[in-house]
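Colleague: Could you work out the structure for the sequence below:
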Amino acid sequence: MTSVLLKTWALFFGFAIISTAHGLQGTLLGIRAIVEGFSFVSTGFVVAGYYVGFLAGSILIPTLLQRVGHIRVFAALASLASIAILLHSVFLEPISWFFIRILTGISLSGIYVIMESWLNDKSTNKTRGKILSIYMIVTFSFVGLGQLLLNLSDPAKVDLFILVSILLSFSLLPILLSITDAPNFDNPKRLTLKELYILTPLGFVGAFFIGLAHSAIFGYGAVYAIAKGFSTFEISIFMIIVSTFGAILQWPIGYLSDRIDRRIILVGVTLIASCLSIFIVASSYLSLIIFFIILAFYAGMSLPMYSLAVAHTNDFLQPDEIVAASSSMAILVGIGAILGPIIASFFMKGIGPDGFFAYLFIVHLLFGLFGLYRMGKRAKPADIESQYVPLPRNISAVGMELNPKVESTEE
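Modeller: The predicted model follows:
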């Protein structure tokens, strides 16, 4: 592990700073939107703008990398993200914010692709699993740290916007000063969506529904919290709990899924998350501590769903097909992620703040019921060789090459 860290510390240090800025700005913008009087629906579209950009970036940036090169594109995207956050404090209206969030989404999507390609370049078949684990820990830990920075200043002021910009600019230093050569890079191939659905309908539908749920949780959760009257400190705790417990429970859930029919675990955590959504609504009127405890269990059930869906899909794949399938799943997650905050915003407009978890209840329930239907239509795959691998929430198809099962294609 020490040798792995010595080779990659600059990348992970820079990425930790980016993750901190990313965690802070997402929650900050949700709070500031409501402070500025944006409607629930307008804010939903603003949040969706980020995912529009993220999906577009995942498609466009790999081609740009092949033409321009990693170092130049990384510097340009980090600078663009740094500028974009400051523009939010200048143009305080929803339409401008929507387009600015698209720019941010494109920038961060490209940054993830570049970071993951550099990590791939520094990994071997023996170290890729360790690097993926470190990558996931850094992602969840420092996104959580970013939430705590909310408490340094009033979100209604410009201070936190400047802080995000500084962090994004500073993240360039350890990476660009330590990287000398661009990695070998090939634009990942994709299965067609039809091919993916034929291969695994549950993985196909799961990717879409997971996008619907997780974009709402991370992109719109702060809007729900401020609408419920939470203080800035309580909102930061809300988001930290979601991020932290979503990471912690990945490993025990993954352990079970490697020993029991993976579909049972996937459907089980989905339906449990659906039930917990109702308990969260009820507990919000009783005790904040009870609310946070139930929220922690909800996050622990909901966030591992993506890793479970990927592992289930991999059960039907050969090692050389994993990246292509993951790339197609990322497109479906992206489409769901665009729609998630928008639909959640209409639920909150119609029902009030509790509409947020009513929306999540329905999303989890529908996917769980589809999973039960598929279990009745298809037997458990025989001779499963794939294993559950905990994955960062924003991992790209390039990052999926860190999956240890892909190693057999390299030697």
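Colleague: Just the pLDDT for residue 411.
Modeller: At residue 411, the pLDDT value in this model is 42.
Colleague: Quick check: residue 263 touching residue 201?
Modeller: No. Applying CB atoms under 8 Å as the test, residue 263 and residue 201 come out as separate, 11.4 Å apart. For the C-beta atoms, the positions are set from N, CA and C on the backbone; glycine is no exception.
Colleague: More neighbours: the two, which one.
Modeller: residue 263 (20 against 16; other CB atoms under 10 Å).
Colleague: contacting residues for that one?
Modeller: For residue 263, the contact set (CB atoms under 8 Å, 6 or more residues apart in numbering) comprises 202, 312, 371, 374-375, 380.
Colleague: can you check residue 349 too?
Modeller: Contacts here follow CB under 8 Å, 6+ apart; on that basis residue 349 touches 39-41, 355.
Colleague: ranking the residues you listed by neighbours, who comes first?
Modeller: Ranked by neighbour count (other CB under 10 Å), the contacts of residue 349 have residue 40 at the top, with 24 neighbours.
Colleague: That one and residue 346: what is the separation?
Modeller: 8 Å (CB to CB, to the nearest Å).
Colleague: What of residue 337?
Modeller: Note on residue 337: its distance to residue 346, by CB to CB, is 16 Å.
Colleague: Of these two, give the one with the bigger neighbour count.
Modeller: residue 337 (28 against 14).
Colleague: For that one, which non-adjacent residue is closest in space?
Modeller: Closest residue in space to residue 337, ignoring its immediate chain neighbours: residue 215 at 3.6 Å, by CB to CB, 6 or more residues apart in numbering.
Colleague: list the contacts for the one you found?
Modeller: Shown in contact with residue 215 (CB under 8 Å, 6+ apart): 47-48, 51, 336-338, 340-341.
Colleague: picking up where we left off before, now the contacts of residue 263: which count as buried?
Modeller: Buried subset of the contacts of residue 263 (neighbour count, 16 or more other CB atoms under 10 Å): 202, 312, 371, 374-375.
Colleague: Okay, buried residues for the longest helix seen in the chain please.
Modeller: Determined from DSSP state H, the single longest helix within the chain is helix 2-35. Judged by neighbour count using 16+ other CB under 10 Å, the buried positions of helix 2-35 are 4, 8, 10-34.
Colleague: Next: stretch 222-239.
Modeller: Neighbour counts over stretch 222-239 (16+ other CB under 10 Å) mark 222-228, 230, 232, 235-239 as buried.
Colleague: swap in stretch 93-108?
Modeller: Residues 94, 97-108 are the ones in stretch 93-108 that count as buried (16+ other CB under 10 Å).
Colleague: Overlap in contacts, residue 263 and residue 201.
Modeller: With CB under 8 Å, 6+ apart as the test, residue 263 and residue 201 both reach residue 374.
Colleague: picking up where we left off before, going by distance to residue 80, which of the contacts of residue 263 wins?
Modeller: Nearest to residue 80 among the contacts of residue 263 is residue 312, at 36.2 Å by CB to CB.
Colleague: Touching, that closest one and residue 202? I think so.
Modeller: Yes. The pair residue 312 / residue 202 is scored as a contact, 6.2 Å apart, by CB under 8 Å.
Colleague: one step back: would you list the buried residues of stretch 222-239 in JSON lines and tack on pLDDT?
Modeller: Putting the buried residues of stretch 222-239 into JSON lines (pLDDT from 0 to 100) gives the following:
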{"residue": "222", "pLDDT": "93"}
{"residue": "223", "pLDDT": "95"}
{"residue": "224", "pLDDT": "95"}
{"residue": "225", "pLDDT": "94"}
{"residue": "226", "pLDDT": "94"}
{"residue": "227", "pLDDT": "94"}
{"residue": "228", "pLDDT": "94"}
{"residue": "230", "pLDDT": "94"}
{"residue": "232", "pLDDT": "92"}
{"residue": "235", "pLDDT": "94"}
{"residue": "236", "pLDDT": "93"}
{"residue": "237", "pLDDT": "94"}
{"residue": "238", "pLDDT": "95"}
{"residue": "239", "pLDDT": "93"}
